[in-house]
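Student: Sequence isn't available, so here's the structure alone:
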Ligand code: NDP
């Protein structure tokens, strides 16, 4: 079964690497027109080259844009409209986590974390809302973390901000139902990322392979599937929620954590 996104226009924030780039690739392979942004020009160019080498006929647009800069996001939205047309799907993926406990977290760190988790969603939602209202299948899909429901003391600010994002996602789902816009999120556990790759390169026991090394981390953390997720695994869940296949699903969260979820 296809995701039914052929010819639809999607925006992926933070599409230049990891999970975002996997989302871009699935959407492009399904015939969607896809725009994505990131802050680093070189990463954007590399991601664009990667996609065009695999899908030379892809309808794509990339642009440097910091999702925390409202004017940047407005400009990005105008350019997407000109290049690809009216947007049907917004996937809010840009961001990162912060490792710190209460005593390590200064007030400015709290403010930065709250700004990142709120405004990386609020600015794009504002900028693309009129498009989504005009779409026959408008959707917003937010990348969130299991930390929203299952806080970790060593990620105290990220956990609290993630809980707020979950709450916000539900409010948006209610408010935007009147426009036919669905709003959902996924809750991630631990997914292979550039950060894990860097830690792997710096590992003390160089005899361990990537699978052994990540597998032992997953076991230590108590992930029942005993491995980290691969970027394409959350990406498939994101594309499903964003697509017309999930037409009767809004205000929902899909857990993509390999069973790490311990709450009922
Ligand atoms: P990556 O670092 O591989 O990708 C993050 C992407 O977001 C990059 O394209 C980055 O590009 C972009 N980005 C970051 N900040 C901004 C910004 N202010 N404006 C625009 N683009 C930005 O990470 P992952 O793929 O692993 O993570 C994707 C999302 O999933 C993130 O929001 C992350 O917090 C979340 N997540 C990931 C988990 C994991 O285990 N991997 C666990 C829980 C949540 P650039 O730096 O060039 O701007």
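Tutor: Sure thing, it's come through. Everything numeric in this text was worked out from a predicted model, so none of it was measured. Residues are numbered from 1 along each chain as shown.
Student: Could you tell me how far the spatially most central residue of the chain is located from residue 157?
Tutor: Centroid-nearest residue in the chain, with CA atoms, centre = their mean: residue 93, separated by 2.3 Å. As judged by CB to CB, to the nearest Å, residue 93 and residue 157 stand 20 Å apart. Just so you know, the C-beta spots here come from the backbone N, C-alpha and C atoms, and that holds for glycine as well.
Student: in this structure, which spans are strands?
Tutor: Under the criterion DSSP state E, the chain contains strands at 9-13, 33-38, 60-64, 89-92, 139-145, 182-188, 253-256.
Student: so what secondary structure elements neighbour the second one?
Tutor: In other words, strand 33-38. Under the contact definition 3 or more CB pairs under 8 Å, 6 or more residues apart in numbering; DSSP states H and E, strand 33-38 sits against strand 9-13, helix 18-29, helix 41-54, strand 60-64, helix 70-84.
Student: Give the closest residue to the residue in the stretch 151-264 of the chain that the ligand sits nearest to in space, chain neighbours not counted.
Tutor: Residue nearest to the ligand within the stretch 151-264 of the chain: residue 193 (3.3 Å; CB to the nearest ligand atom). What sits nearest to residue 193 in space, not counting adjacent residues and going by CB to CB, 6 or more residues apart in numbering, is residue 18, at 5.1 Å.
Student: what sits against that neighbour?
Tutor: Listed by CB atoms under 8 Å, 6 or more residues apart in numbering, the contact partners of residue 18 are 191, 193, 194, 231.
Student: Could you do residue 262 as well?
Tutor: By CB under 8 Å, 6+ apart, the neighbours of residue 262 are residue 150.
Student: Next: residue 76.
Tutor: 35, 37, 63, 65, 127.
Student: quick one: which of the residues you listed is most hemmed in?
Tutor: Neighbour counts for the contacts of residue 76, by other CB atoms under 10 Å, peak at residue 65, which reaches 28 neighbours.
Student: Domain-wise, how is this protein divided?
Tutor: With domains defined by automatic domain parsing, the chain comprises 9-191+232-251, 192-228.
Student: Please read off the pLDDT at residue 195 from the model.
Tutor: Reading off the confidence values, residue 195 has pLDDT 81.
Student: count of neighbours near the nearest residue to residue 135 once chain neighbours are set aside?
Tutor: Counting by CB to CB, 6+ apart, residue 135 lies nearest to residue 88, which is 4.2 Å off, once chain neighbours are set aside. Close neighbours of residue 88, defined as other CB under 10 Å, add up to 26.
Student: Wait, residue 88 touches residue 134, no?
Tutor: No: the pair formed by residue 88 and residue 134 falls short of the contact definition of CB atoms under 8 Å, at 9.1 Å.
Student: Alright, I will stop here.
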